[in-house]
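Visitor: fold the following, please.
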Amino acid sequence: LQNTTDFKTVASIFRTKEIVLGQVSKSNTAFSYAANKSELGRYKRLSGNSIYIGREGIEFYPQELFLLEIDEQMPKHKDTVYVRNFQNRKSKYKIPQETFPLEKKYLHPLVKGINIERFHIGQSEYLVPFPYDKSNTRSPIPIKVLNRKAKLLAKYLNRFKSVILQQTNYNEKIIGKKHSKEFYALARVGEYSFAKHYVVFRDNTKWCAAVVSELATNWGGKKRPLFQNHAVSICQTVKGRFIKLNEAHYICAILNAPITAKYLLNSSDSRSFKIRPPIFIPEFDKKNIVHTQLAKLSKTAHKKYSNKVSVKQIDKRLDELIVKLKK
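Guide: Residues are numbered from 1 along each chain as shown. Next up, the predicted model:
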């Protein structure tokens, strides 16, 4: 178009929206957009650093080997359960699907990004073998020991050793040679993989968070979940202290506040959220009224997550409280 007169002739086919663009964080040059200056001001109150550290999920690859479903048609036993391995036609690794028994002791529910909802964890369809224990949280249980403790799992892993080794070079870069002596070592495992309470959020597409401690298993009882990449977890402060349950709900309330979601979506590409979101989250103080009220709201929201009326009321209160956090 040569001039404004020409544009006027086609202006009716365009939709226009006036927004305010501004830098809300002093630590980086990223811009955020808001409906008006008042909203941009609230973003500035939210922006900052968190005292809590986010971690990427574990690299459970190849998935055709590590992602398992319970075969409900098979009999259940006290210490073992029959499972079948995941299949994907586009997979690089062609591992035939079959049903086989494994020890329950080293099987954990898997939380993927798609399982995370706002104030809720959806039913996990997969289990993953996790040959680790607290005696050495960075390195897997040695194969000789695993043969004694979980002979079926050791046999299963050994059977597909050549397939697993195709991932070794990649995993070693993340794990380090010291902790990847066993061929079935997994990337992104540590003491944080054994925490009691977690706040988890999706790292792409949809911003939402939830608190999880244990998940029900198909064979009865509950177990600590593990998280696959795209499911980011928070369980520690930057200094390494593990969070408690009320603290987890406090963090979750801040992450799930509507104004927080709006700020993040208006400040980043939804295809990839940072594992350490640029949100101001001070350390939880049980004597701080704002902190404890946020925790209570999150607990209530987890119970009433599917009740739109209740959640709407909670959301209003979350937005009122979150701007009262003192920097």
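
Visitor: show residues contacting stretch 43-55.
Guide: Counting contacts by CB atoms under 8 Å, 6 or more residues apart in numbering, the residues outside stretch 43-55 that touch it are 24-25, 27, 32, 34, 188, 192, 199, 201, 232-238, 243, 251, 259-260, 263, 266-267, 274-283, 322-323, 325, 327. In this view, the C-beta of every residue, glycine as well, is placed from N, C-alpha and C.

Visitor: what mean pLDDT does it get?
Guide: When the per-residue pLDDT values of stretch 43-55 are averaged, the result is 87.

Visitor: buried residues in it?
Guide: Within stretch 43-55, the residues that qualify as buried are Y43, K44, R45, L46, S47, G48, S50, Y52, I53, G54, R55, counting by 16 or more other CB atoms under 10 Å.

Visitor: could you list the low-pLDDT ranges of this structure?
Guide: Counting by pLDDT under 70, the chain shows low-confidence ranges at 1-5, 7, 16-17, 19-41, 93, 167-180, 268-271.

Visitor: now do the contacts for Y250.
Guide: F284, H291, T292, L294, A295, S298.

Visitor: now with 6 Å, please.
Guide: Applying CB atoms under 6 Å, 6 or more residues apart in numbering, we find Y250 in contact with F284, H291, L294, A295.

Visitor: let me know the secondary structure of it.
Guide: Three states are possible here, and by DSSP: H, G, I helix; E, B strand; the rest coil the one that applies to Y250 is helix.

Visitor: what's the spacing between it and L264?
Guide: With the distance defined as CB to CB, to the nearest Å, Y250 ends up 18 Å from L264.

Visitor: ok, now F86?
Guide: Using CB to CB, one obtains 31 Å as the distance from F86 to L264.

Visitor: which of the two has more neighbours?
Guide: Set F86 next to L264 and count neighbours by other CB atoms under 10 Å: L264 wins out with 21 against 18.

Visitor: and the residue nearest to that one when sequence neighbours are not counted, how many neighbours?
Guide: Of all residues not flanking L264 in the chain, W207 sits nearest, at 5.6 Å (CB to CB, 6 or more residues apart in numbering). With neighbours defined by other CB under 10 Å, the count for W207 comes to 21.

Visitor: ok, now R89?
Guide: 5.

Visitor: which element, helix or strand, includes V81?
Guide: For V81, the host element (DSSP states H and E) is strand 80-85.

Visitor: quick one: the helices in the stretch 1-150 of the chain?
Guide: In the stretch 1-150 of the chain, the helices defined using DSSP state H, counting those that start in this stretch lie at 4-8, 37-46, 63-66, 143-149.

Visitor: what's the distance between N288 and H77?
Guide: Using CB to CB, one gets 49 Å for the distance from N288 to H77.

Visitor: that should have said P277, apologies.
Guide: The spacing between P277 and H77, counted by CB to CB, is 44 Å.

Visitor: so what's A209 up against?
Guide: If a contact means CB under 6 Å, 6+ apart, then A209 has V199, F201, C252, L255, N256 as its contacts.

Visitor: who has more neighbours out of P277 and H77?
Guide: Neighbour comparison, P277 and H77: the larger count goes to P277, with 25 against 12 (by other CB under 10 Å).

Visitor: which one is that one nearest to, not counting chain neighbours?
Guide: The shortest distance from P277 to any non-neighbouring residue, by CB to CB, 6+ apart, is to L264 (6.3 Å).

Visitor: same deal with Q228?
Guide: The nearest residue in space to Q228 (CB to CB, 6+ apart) is G57, at 4.4 Å.

Visitor: so where do the strands sit in the stretch 151-300 of the chain?
Guide: Per DSSP state E, counting those that start in this stretch, the stretch 151-300 of the chain has strands spanning 198-202, 209-212, 215-216, 222-223, 226-227, 231-237. These are given in chain order.
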